[in-house]
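Visitor: Sharing a model that was predicted from the sequence below.
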Amino acid sequence: MLAATLINPMIPVLKPTDSVGTALDWMDEFGVKQLVVADSGVYQGIVSEDILFDIPDIAEHLSKVIIQHKDIFATEDQHPYELLRLVNQFGLVVIPVLHEDRTFAGSILVNDLVERFVNELGVQEKGAVIVLKIEERSYSLSEVSRLIESNGVKVLSSYYSSGEVYNPTNEARLTLKLNRTHITPIIATLERFGYEIEEAHANDPIESLDQERLDMLLRYLAT
C-alpha cells in the first residue's frame, strides 16, 4: 500500500484564482478543514478553514491569502508510515501527493489513510491485544513471536514504541494483536520467559490458578 493507491479523486483542488467563499463551500461539502491549492498542475500549498474564517471578504482570491505547507507533500511511492509522520508533525487533514516530476497527483484524506491502515493492521479482526514492557537492549520480535506461536496462536500485527517516550528511557512497549481471544496460556508462557505484561485486552476471561495474578491481570482486561 503506497500513497498513490490512497489518493481520493473526489477531493477538489483549489486554484489561486478561487475565492475564499468557494474554498469554504468545498470544505463544508466534503467535511474537511483543509484543501490543496494548485496552479496549472503545480502544487502551491494548503489552505486552512481557520485562516479563511478570518478573511472578512469571502470574494478575496486565495492568491491573497496565507497558503501553508508549500514544501510539505508526499510522493506517490511513500509508505503509510511516512504519511502518518507528516500528519502528526504538521497537523494535516489532507495530504498532497506529487508525481515524480513534482506536479500535483491528488489528495489523500487522513480519515481514508487511517481506515486503510487499521485494515492493514488487522485491528478489526477478532483477537486479543497484549502490551509488553521490554528493555530496548533485549528486544527480539522473533523470540516473542516464537513464544506466542508455540501456543498455536499467530501475531496479526505488532508495533514498537521506543523507550524515549517512557521513563526510564531504556523501557519500551511492544503491542501485539493476536488471532485468538483466549490468552491465558500465552501470558503464562511470556511470563515464564521473563516478559512483563503491562496490558492484556481480550473478550475471553483470563484463567489462572493464582488468584492474585488473576486479579492483577483483570485490572488491564477490556471486556
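Guide: Okay, I see it. Numbering: from 1, shown residues only.
Visitor: which residues in the protein form strands?
Guide: For the chain, the strands defined by DSSP state E cover 34-39, 42-48, 74-75, 94-98, 104-109, 129-135, 155-161, 171-178, 196-201.
Visitor: Of those strands, which stretch is the most buried?
Guide: Highest mean neighbour count among the strands of the chain (mean count of other CB atoms under 10 Å): strand 94-98, with a mean of 25. (Each C-beta comes from the backbone N, C-alpha and C, glycine too.)
Visitor: which other residues reach that strand?
Guide: By CB atoms under 8 Å, 6 or more residues apart in numbering, the residues outside strand 94-98 that reach it are 3-4, 6-7, 11, 32, 34-36, 43, 46, 69, 72-76, 83, 86-87, 104-110, 113.
Visitor: again, only this time at 7 Å
Guide: 3-4, 7, 11, 32, 34-36, 43, 46, 73-76, 83, 86-87, 104-110 (CB atoms under 7 Å, 6 or more residues apart in numbering).
Visitor: Next: stretch 46-54.
Guide: Applying CB under 7 Å, 6+ apart, the contact partners of stretch 46-54 are 14, 20, 23-24, 27, 33-37, 62, 65-69, 94, 96.
Visitor: same question for that stretch, mean pLDDT?
Guide: What stretch 46-54 shows for mean pLDDT is 95.
Visitor: before we move on, what about stretch 181-196?
Guide: Averaged across stretch 181-196, pLDDT comes to 90.
Visitor: List the buried residues for it?
Guide: 181-184, 186-190, 195 (16 or more other CB atoms under 10 Å).
Visitor: doesn't D112 make contact with L6?
Guide: Yes. Shown here, L6 and D112 form a contact pair, counting by CB atoms under 7 Å, at 6.1 Å.
Visitor: the more surrounded of those two?
Guide: A count of neighbours by other CB atoms under 10 Å puts L6 above the other of L6 and D112, at 23 against 16.
Visitor: Skipping its backbone neighbours, what lies nearest that one in space?
Guide: I108 (4.6 Å; CB to CB, 6 or more residues apart in numbering).
Visitor: confidence score at that neighbour?
Guide: 95.
Visitor: Run through the residues that contact it.
Guide: 3, 6-8, 83, 94-95, 97.
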